[in-house]
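J.: Curious how this folds, go ahead:
(2 chains)
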Amino acid sequence: MERLEQRTPSLCTAAPLTAASLRESLSVMQKMLSSCYGPFGRLKQVHNGSGGYVATTSQSSALLGGLSLSHPALQLLAASIRNHVSTFSDSGLFAGILCCQLIDRCLNLPVSTHRVIKLNKSLLDMCLSYLKSENCACKINVDFTHSTSLLDVTRSVLCSKPACMMTMKEVDYVSLLVVKAFLYKVPNESHPKPLLGRTLIVTVEGPSLMESAFIPGVLIEMPAYSWSRLIPSSGLPSTSIKLALFSLSLCGEFSDTGGGVIDVMAGVDPEKVMLDQLIALGTQLVNDHVQVVVCQKVIHPSLRQYLKEHEVLAVDRLGATLMEPLSQMTGAQPIASLCPDSACYGSLKQISKVSYGYKHYLHLLPYDTAVGSIVLCNRNETSLKELKRTCQTAEHTLNLLLKEPWLLLGGGCTEAHIAAYIRYKSSNLHGGHLEDLRCTASEYKLVADCFCSSLEAVARSLEHDGGEILTDLQDGHFWSAPPDVNANAEHAESVHKCGCQLLQRKDGLKWSVLGSPRQPFSPRSHSDVSLRLLAAQNLILDGFTAKCHALRVAIDTAALILDLAYVVKDGN
Amino acid sequence: MFSFVLQVAQMQGHKEHVDIGKILQVAESLESIVSGCFGPEGGQVLFIKSTGDLLITKDGRSILECLLLDHPVARMVVSAASRHYSITGDGVKSFVLLLCAILRELQATADRNQGLLLSRKATLKNQYQRQGHASRRLSNILLTFQSRVLDPIIAQHLRPHFISVFSTTEGNITLCRASIQRTIDTYFRGRLGCNIHQFISRLACEYLYDCFLRAADIPVVVGLVSKYFSSLLTEVPGLPVENSRILPAVILHRAFTVYCPAEGEVRALMVTEPINQCLSEPDVAFLVSSDVQLQQSQLYLRQRTENLLKLLQRKDIRIVFSSVKQHDIVLYYAKLSGISIVDCLPSEEMDLLSMITGVTPKSEPLNDFLLPETFPVVSCKPIVIGNKKYVHLVLRSSLAFQPHSLVLCGPVKGFTEQLVSSFHGAFKMLTQLFQPFTAVEEQPANNADSCLLKRTEEQSGTCERCQNDSVGAPCHPENNDQAVHMHLTHSEEKDSAGASREGSASPSCGCGDTGSIERRRPQGPFIIQGSYSSAGTGSVPFADVGLVFPGAGTFELLLKDYLHKFAKICQDAELASICTVVGNAFLCIPRQICKAKTRQIHLPQRTKEMLQLDSLHIAETGLEPVSCKYQLLASVLQCLSQLVAINLIIGVKKSQSAENEETDEDKLEADH
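T.: Predicted coordinates for the structure are as follows:
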C-alpha cells in the first residue's frame, strides 16, 4: 500500500433517501426535465459562467452532459439516462421525468421499499407485455411501402425539439431529407450482400435551412484557396474514375525504424531515399491510370506536384472518419504499402465541386452504393448543433424500425392509454397473482396507483401553459384544453383532436380530468381502433424500441435509487 | 439527514492502548454500516469514487474497501475480511457481524466476571501486565477452541445434517440441479437487489450447466470458469439487466482489425510478436551505409511481410490472433490475402485461447521456414453486443470445459461492475463448494485434541452416547454399512437409511430432533447425506465435495446448541466460557435475518423448527456451502486471535519512514 498523500476516509451517509436534500434536488431535476419536454418545451441555456460555449437546448443528452450534479443519487439517474440516450438517442427526457416522478411518489408510500420495487417491476412487465402484444391499441405497424408513417415519426421527432428553430414548412422539408437518406441507405432485397449503408451529416452555418439537401456520395471539405492548387490543369476527371485510397502517410518521413539505433553514414540521405520511393509510387499510380489519390494523412508536396503534373487529383488529410465510408462507397482498399496492388483501386462515377454558403466541397459520387450525405444548413451555430443532434435522433429512430417495425402514438396518448390500461388491470386482479407477489390487495393498489399517476404526470409535462389535461373514457387518450376554459362542460367543446391527432372530438364521448380519481375503465382494444390507425394521416408518433427501453430504464433506475441504504463518497 | 464520519483517531506520532473495548468500538462502526446491507432485505450502497465514477454495490468487500478506513484495527479487519472473500467469494458481511458479536460477548463476559479469563495468573502485579497477559491468553484459547472444539463438533455432530448436491444412481454421479440452483439463489440474494437476484441466479445456474457435460468434471470446470472469468464475460452498460444472456463459445473483446469472411472450418494462428519487422530492434542497431542499401532493406522488409502473409494463405490459415498491435502494412497484406486479423488481444484472452486449443504461442517473430502450431476454428465472426463490436469465436474443444460467454447488462457502468464481481464471487463460492471438505476430517484417536472431546463425551453420559451412536464412529461395525448408503436418491434412502436410522437412533435430550431429519425425508429433490464420510471417502467419489447446508442461520443455530451443550460438560473453564461466548455470538446472524424480515420469531423455538427440513423449508432458507461456512468461522477466529493480541498501536511520523510499506506494519505491530 504505497501512497504519497494521506487519504481522508470516505464520507458515509446513511439512509440517503429520507434526506430532505434528495427530495429537493429531485424535484428541481424533475422540474427542469419536464419543462423541456415536448414540442412546447422551454429551452435551456447551458453555459459555464466564464465565457465558455453557450448551448441552447431542450435535449436530455446535451442538458445532462453539461450539468454537474451535486447529489449522488441524481448522478446515478443522469448516468443511467445518458447511457440510454447513447444507445437509443431518443426518449431520454421521458425516462428522466418518469424516474423522478416514480421515486418521489414511492417514497411517500407506506409500503416497504423492497415490496414497492418488486411490484413496480411486475407492473413494468405488465406494461411491456401489453405494448408487445397484438392487442395493443396504441401501437401501429410500420408499412414500408408507404412513407407516411416514416415521415410522421421523423416530423414528430423534429417537432419535439423547439431549439432547432424551425417553421412547420422547414420541419416538413428536413423530415423529407431524413427519410430520403434513410430509404437511400436501406439496401434492395435483391442485393446479394445486404449491408446497411450510412448517412453522413455535414453542417454549414449561415445559409437558410431550406438550402439543406441530401446528396448521394461523400463530401470532402476543401478550403477555397486550395482549389486552384488542387485541380489539375485539365480540370476534374470526368467519368469512370479510378481511385486509390491510402491509409499510409505519404509525407516521405524516414520513420518506422523500430526501437533500435539507426546509424547513418556520411553521404547517405534517407530523406532522398524516401522521396525516391514516393516518386516511384507516383510513377506506378500514373502507369496504372489512377485519376484520384486520396490519402488519410499527409502527401509530400513533391509527390503532389508530380501527380498534378500527370493530371492526377491528389487529396490529403482526409481523417479517419471518412476512410471507411469512402472505402465502402468506392470499393477501394486502404493501401498501407508503397507498392500497391492493382486490386486495391476503387472506382467513382463522378467528381464535382459543390458549394454551400461559404464552404466548398469536393463531391465524390459513387456508382451504386448506399452512402449518402445530408447537408444541414441553419442560421446560427447553436440551432445548427441542435438540428444535427435531432436529425441523428430521427435517423436512429428510423434505423430501429428495421428491427422492430412498430411505432407508438405520441403526444402523451401512449402514456395516458397505458395508465388507463394498468388501472383497469390492477383493479381486476385475481388473488393468485397477489399471492405470487406476496403482497396484499391494498398494497398492490397503492403501488399501481403510484405507477399510473407517475405515467400520467409524464404526459401532463407536455402541457406548459397551464391548460387542463383531459382524458376520454373510451380509449384513454390525452386531450389538452386551453387554460382559459374553466367550466367542466366547456372543456370538451374547446378541444378538437387528441395528443396524437388520431381521435377527433365527437358527441357522446365521456371526459374526465387526467389522473383524477374515477372508476377504472377498459380502453378499447386494437381491433376496435385498427381501421382508424390504418387510415390515419399526420399522426404524432414515437419510436417503439426507444420508448419501451426508456420505460424500463426509468423503473430500473428508480429501483436502484430506492434501494440505496448508504451513500459513500470518496473525498480525495 | 443522519451522516457521520467514522471516528478515526489521528495516528500520527502517538501511542494508543488497545483492548477489547476499543476493538469492539471500531468493529461496531463497521457493523453499523454492514448490517444495513446484510441479507436479502439489505439495501445497496452507492459509492462515488474520487474520479467521479459511480459504484452501486451490496457486496461487503466493496463496501468496506470503499470506506477507505484509516484506523489500523479497522484496516486489519477489512484486510482479513478481504482475504476471506478471496477464498470463498462471499461472507464479508457475515464476517464483520460475527466478529463484532464475538467481541461484544467477550466484552460482556469480561464486564460481568472480571476474573474469568485471567483467573490463573492473578499474581501479576500491575494491571497493565495483567491485561497484556490476559489478552495473550485469550488469543491462544481462541485458536485452541477452533482446533479442539469447533472442528470436532462440526465433524461429528453437524456432519450428519449436511446435504450433498450430488446424487448417485446406479454408480452414475449426477448433480442435483435444484440444490445447485438453491445454493446460487441464496448467494445472489445476499449480493444483489431484490428485483434482479432471481433472474441473475437462474442465469448463473444455466451458465454453469452449459459449461460442463459430465457431473464428474464439475470441480475442474468451475475452477476454470473462475480462473478465466474476466475473459468469459462481456459487460454492457446501458441496457436493462434482463438483456443479459449466455452465448455459446468465446467472445474476444476486440473488434476484427481486418475481417475477411470465411465459410466453414478454417485454421488459425496465435502470435505474440509483430509480423512486420523494422530496420532496427531495441538491441540491434542498423547501419545505413548507402542509399541503395537503405532502399533495398526497406523493400526487403516490405516483401518479407508480403511473403509471410502469402505463406499463411498457402497454408490455409485464415485467422491470426495477435497479442500485440500489428503494423498497417500487415493489415493491408492480410486483407489482400484474405486473412482476418484480431490484434491487441489482452494476455488473459490469449491464455484462454491456448487453454482451450492446447496451443501455446511462441514468443519469437514469425519466419517462413518454421511456422508455429495452428489450430482449427469452427467459426469466427464479428458480433455486436451493446454498441461495441467483438469477435465471436467457436473452437473445437476436447476439454471437459465447454466454453460459453456471458453477457451482463445493466443500466450504468457502476452497476454492471457489481454484477460482474458478484458473478465472479459466485464461481469462487462454487469452487469452494466443489473442493473436498477436509477441514473436518476425523482426528486420529491418539490425538490430544480429540482426546479432549472423547473425555468430555464420556462424561456426558447417555445423552452423548446415543448421539454418538446415531452419528456413528468408524470402529462400530453397524455403521459401516451405512456409509455405503451415503448417496442415495431420496426414494431409495427412504426405505434403507430411514429404516436403519429408526433402529440405531433414539431421540432424546435435544439431539433427538437431529436424528429426525432423516426420517422426515423431503419429497423434493434434495439429497441428505446419510453419514459422515471418514469410512467411505476412498470408495465413494465426491463424498467430500458439494456439501451444503440450509441457510438463513440454521447452521449457526445448530452449532450454538452443540457448543452450549459442550460447554456444560467441558471441564476447562476457560474453554467452556469461550464456547458459550462464541455460541451466543452465533445468534447474531439468524437474529439479523429475522430482524430484516420484520416477523419476530423467538429464536430458541426456531432452532427446532429449522431442523425439520423439508423442501418447502429449504426453499425458504436456501442452501449454503458448508466449506464456506466453515471457512467463515475459521477466518473470524483467526482474525480475532490476532486482534486481541495487540495491546498498543504506535503511530509513526511519516517523515521518519522512507518506505511506506513499513509504516503499515509498524502501526499494527503487536508488542508481545
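J.: For the rest of this, base every contact and every neighbour count on C-alpha atoms.
T.: Noted.
J.: With only the CA atoms kept, save stretch B:581-591 in CSV.
T.: The C-alpha coordinates for stretch B:581-591 follow below in CSV (Å, rounded to 0.1, in the frame of the first residue of the first chain):
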residue,chain,number,x,y,z
VAL,B,581,-19.4,-16.8,24.2
VAL,B,582,-19.0,-17.9,20.6
GLY,B,583,-22.2,-19.9,20.8
ASN,B,584,-24.1,-16.8,21.8
ALA,B,585,-22.4,-14.7,19.2
PHE,B,586,-23.5,-17.1,16.5
LEU,B,587,-27.0,-16.0,17.2
CYS,B,588,-26.3,-12.6,15.7
ILE,B,589,-26.7,-13.9,12.1
PRO,B,590,-30.2,-15.5,12.4
ARG,B,591,-31.2,-12.5,14.5
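J.: Now that stretch: average pLDDT?
T.: Averaged across stretch B:581-591, the pLDDT comes to 76.
J.: what's the answer for stretch A:357-377, then?
T.: In this model, stretch A:357-377 has a mean pLDDT of 88.
J.: I'd like the distance from that stretch to the chain centre, please.
T.: Its chain's C-alpha centre and that of stretch A:357-377 lie 22 Å apart, by Cα atoms, centre = their mean, to the nearest Å.
J.: Grab the longest strand from chain B for me.
T.: If you go by DSSP state E, chain B has its longest strand at strand B:375-385.
J.: Report the strands that pair with that strand, each with its relative direction.
T.: Strand B:375-385 has the following strand partners under DSSP bridges: strand B:266-271 (antiparallel), strand B:388-395 (antiparallel).
J.: Need those strands in TSV (columns: mean neighbour count and mean pLDDT).
T.: Listed next are those as TSV, based on neighbours: other Cα atoms under 10 Å in any protein chain shown; pLDDT from 0 to 100:
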stretch	mean neighbour count	mean pLDDT
strand B:266-271	20	89
strand B:388-395	18	90
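J.: Can you say which of those is nearest to B:Ser230?
T.: Nearest to B:Ser230 among these is strand B:388-395 (14.8 Å), distances taken as Cα to Cα.
J.: Go ahead and confirm A:Leu250 touches A:Asp276.
T.: No: applying Cα atoms under 8 Å as the test, A:Leu250 and A:Asp276 come out as separate, 11.8 Å apart.
J.: quick one, which of these two is more surrounded?
T.: In this view A:Leu250 and A:Asp276 are compared by other Cα atoms under 10 Å in any protein chain shown, and A:Leu250 has more residues nearby, 24 against 15.
J.: Quick check: closest non-adjacent residue to that one.
T.: Of all residues not flanking A:Leu250 in the chain, A:Ile299 sits nearest, at 4.6 Å (Cα to Cα, 6 or more residues apart in numbering or on different chains).
J.: Look up phi and psi at A:Leu236.
T.: According to degrees, to the nearest 10, the main-chain angles of A:Leu236 amount to phi -70, psi 140.
J.: separation between it and chain B?
T.: Per Cα to the nearest Cα, to the nearest Å, A:Leu236 is found 29 Å from chain B.
J.: what does A:Ser454 give?
T.: 20 Å.
J.: Run through the stretch 51-200 of chain B and note the low-pLDDT ranges.
T.: By pLDDT under 70, the weakly predicted segments of the stretch 51-200 of chain B are B:113-132, B:160-161, B:167-172.
J.: And the helices in it?
T.: Ranges of helices in the stretch 51-200 of chain B, per DSSP state H, counting those that start in this stretch, are B:60-66, B:72-88, B:92-112, B:127-144, B:151-153, B:177-191, B:197-211.
J.: From these, pick the one with the highest average neighbour count.
T.: helix B:177-191 (a mean of 24; mean count of other Cα atoms under 10 Å in any protein chain shown).
J.: mind listing what the residue nearest to A:Leu250 touches?
T.: Taking Cα atoms under 8 Å, 6 or more residues apart in numbering or on different chains, we find A:Ile299 in contact with A:249-252, A:316-317.
J.: Ranking by neighbours, what's the top pick from these?
T.: Most neighbours among those, by other Cα under 10 Å: A:Leu250, with 24 neighbours.
J.: What are the structural domain limits within the chain?
T.: Picked chain A for this. A:11-138+A:409-569, A:143-216+A:375-404, A:218-368 (automatic domain parsing).
J.: hmm, I had chain B in mind actually
T.: Following automatic domain parsing, one gets these domains for chain B: B:162-169+B:445-550, B:250-402.
J.: Let me know how buried the nearest residue to B:Gly89 once chain neighbours are set aside is, in neighbour terms.
T.: In space, B:Gly89 comes closest to B:Gly425 once its chain neighbours are excluded; the distance is 4.0 Å by Cα to Cα, 6+ apart. Residues within reach of B:Gly425, counting by other Cα under 10 Å, total 23.
J.: Can you identify each of the strands in the stretch 351-500 of chain A by residue range?
T.: Along the stretch 351-500 of chain A, counting by DSSP state E, counting those that start in this stretch, strands occupy A:359-365, A:371-378, A:406-409, A:468-472, A:478-481.
J.: Of all those strands, which one is nearest B:Val284?
T.: Here strand A:359-365 is closest among the strands of the stretch 351-500 of chain A (Cα to Cα), at 46.5 Å.
J.: Report how many residues lie close to the residue in the stretch 101-250 of chain B positioned nearest to chain A.
T.: Chain A sits closest to B:Gly238 of the stretch 101-250 of chain B, with a gap of 4.6 Å, by Cα to the nearest Cα. Using other Cα under 10 Å, B:Gly238 has 27 other residues around it.
J.: I figured it was touching A:Ala78, is that so?
T.: No: between B:Gly238 and A:Ala78 there is no contact under Cα under 8 Å: 11.8 Å.
J.: A:Gln537 reaches A:Ser147, doesn't it?
T.: No: counting by Cα under 8 Å, A:Gln537 does not reach A:Ser147; the two are 11.1 Å apart.
J.: mind listing what residue 58 touches?
T.: Chain wasn't specified; assuming chain A. Applying Cα under 8 Å, 6+ apart to A:Ser58 gives the contacts A:36-37, A:41-44, A:161-163.
J.: ah, no, chain B please
T.: B:Lys58 makes contact with B:37, B:42-45, B:190-193, according to Cα under 8 Å, 6+ apart.
J.: Among those residues, name the ones in strands.
T.: Per DSSP E, the subset of the contacts of B:Lys58 in strands is B:44-45.
J.: Right, and chain A sits closest to which residue of chain B?
T.: Taking Cα to the nearest Cα, chain B has B:Pro282 as its residue nearest chain A, at 4.0 Å.
J.: That residue: neighbour count?
T.: For B:Pro282, the neighbour count with other Cα under 10 Å is 9.
J.: quick one on the thing from earlier: which phi and psi does the residue of the stretch 101-250 of chain B closest to chain A have?
T.: B:Gly238 adopts backbone torsions of phi 110, psi 0, taken as degrees, to the nearest 10.
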